[in-house]
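**Student:** using only what follows, build the 3D model:
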Amino acid sequence: MNPSEWFTEQVPAAGTAFSLKIKQKLHEEQSEFQFLEIYETETFGNLMVIDGCTMVSTRDNFFYHEMMTHPVLYTHPNPKRVWIIGGGDCGALKEVLKHDSIEQAIQIDIDERVTRLSEIYFPELCEANNDPRAELKFIDGIKWVKDAAPNSVDIIIVDSTDPIGPAEGLFSAQFYRDCFNCLSEDGMVVQQSESALLHLKLLGEMRDAMSSAGFSHLQTLFFPQCLYPSGWWSATIASKSALANFREQDANNKPFETVFYNADIHKAAFAQPEFVKKAFGL
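**Tutor:** The predicted structure is shown next:
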């Protein structure tokens, strides 16, 4: 395909590729940490690409942002303090702050340019950036968690890129131990855990690392995400104590709009495919 008309992300190890027809390239730059591109596509709105990998589009970002936030927020008994590690496009921050119980939401992303470009090209994702409960920090999230005091936070959302480059340390057992140490008694961490279809080994390694860090209760949830390899993505929740019951009534009566998430989707997302059950002995 003509590279001036199509953006294509190839995944040679999986023998797959995903393409979007583009109208024009809107921006490119090499930040201190990664290579950033913004395209205007014909059918998916604007598209952000980081180091050649699709990150977020106008059309389908709601799948990821809603499923990385609302399931864990409606599982925790009373979330008040949330940290988002990564998430520079601010979509997760926006969803977190839809919850009235949240008193503080801190987004910690090492690359400020991701946020500044999102403010220009994805302004709808940045609507909550000036919420008085929100704080943006452009620092090393791994160090932030390591240096945090015990009982500092109720939920940590790890909204990271793939486990390469700046994000590699976010998938380590040491990072999960640091998360465990700074979470409150009922604290939970949720992290995007790639595609079970293509990255089952990585998902298993993540779960093992979370368990070894002290998290005895793990749940992996699944959701569509056509922009990412295989079109089928996951997130894994690790809890310090027994996972609380789903606050189904609260989810049914949520005082805000979503595009994808609701109580039925919440329950369905935690159903485990047979090959996943077999792989992890569930």
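
**Student:** strands of the chain, start to end?
**Tutor:** 6-11, 16-30, 35-41, 46-50, 53-57, 81-86, 104-108, 134-137, 153-159, 183-192, 217-224, 232-239 (DSSP state E).

**Student:** as a markdown table, these with mean pLDDT would be great.
**Tutor:** Converted to a markdown table, these look like this (pLDDT from 0 to 100):
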| stretch | mean pLDDT |
| --- | --- |
| strand 6-11 | 94 |
| strand 16-30 | 96 |
| strand 35-41 | 98 |
| strand 46-50 | 97 |
| strand 53-57 | 96 |
| strand 81-86 | 97 |
| strand 104-108 | 98 |
| strand 134-137 | 98 |
| strand 153-159 | 97 |
| strand 183-192 | 95 |
| strand 217-224 | 96 |
| strand 232-239 | 96 |
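
**Student:** turn these into CSV, columns for distance to Thr258 and mean neighbour count.
**Tutor:** From N, CA and C alone the C-beta is placed, and that goes for glycine too. Shown next, in CSV, are the strands of the chain (distance: least, CB to CB, whole Å; neighbours: other CB atoms under 10 Å):
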stretch, distance to Thr258, mean neighbour count
strand 6-11, 27, 15
strand 16-30, 24, 13
strand 35-41, 24, 18
strand 46-50, 21, 22
strand 53-57, 17, 21
strand 81-86, 17, 25
strand 104-108, 17, 22
strand 134-137, 19, 16
strand 153-159, 16, 26
strand 183-192, 17, 22
strand 217-224, 12, 19
strand 232-239, 16, 23
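
**Student:** nearest to Leu93, out of these?
**Tutor:** strand 104-108 (5.0 Å; CB to CB).

**Student:** how about stretch 66-85: buried residues?
**Tutor:** 66-76, 79-85 (16 or more other CB atoms under 10 Å).

**Student:** no no, stretch 259-268
**Tutor:** In terms of neighbour count (16+ other CB under 10 Å), stretch 259-268 has its buried residues at Phe260, Tyr261, Ala263, Ile265, His266.

**Student:** ok, the first one touching His65?
**Tutor:** Right, the one you point to is Phe260. No - taking CB atoms under 8 Å as the definition, Phe260 is not a contact partner of His65, at 9.3 Å.

**Student:** list the contacts of stretch 242-249.
**Tutor:** Tyr74, Thr75, His76, Pro77, Asp186, Met188, His217, Gln219, Ile237, Ala263, His266, Lys267 (CB atoms under 8 Å, 6 or more residues apart in numbering).

**Student:** same thing but at 10 Å, please
**Tutor:** Under the criterion CB atoms under 10 Å, 6 or more residues apart in numbering, residues 71-78, 186, 188, 216-219, 237, 253, 263-264, 266-267, 270 lie in contact with stretch 242-249.

**Student:** from those residues, which land in helices?
**Tutor:** Pro71, Val72, Leu73, Ala263, Asp264, His266, Lys267 (DSSP state H).

**Student:** thanks a lot, catch you later.
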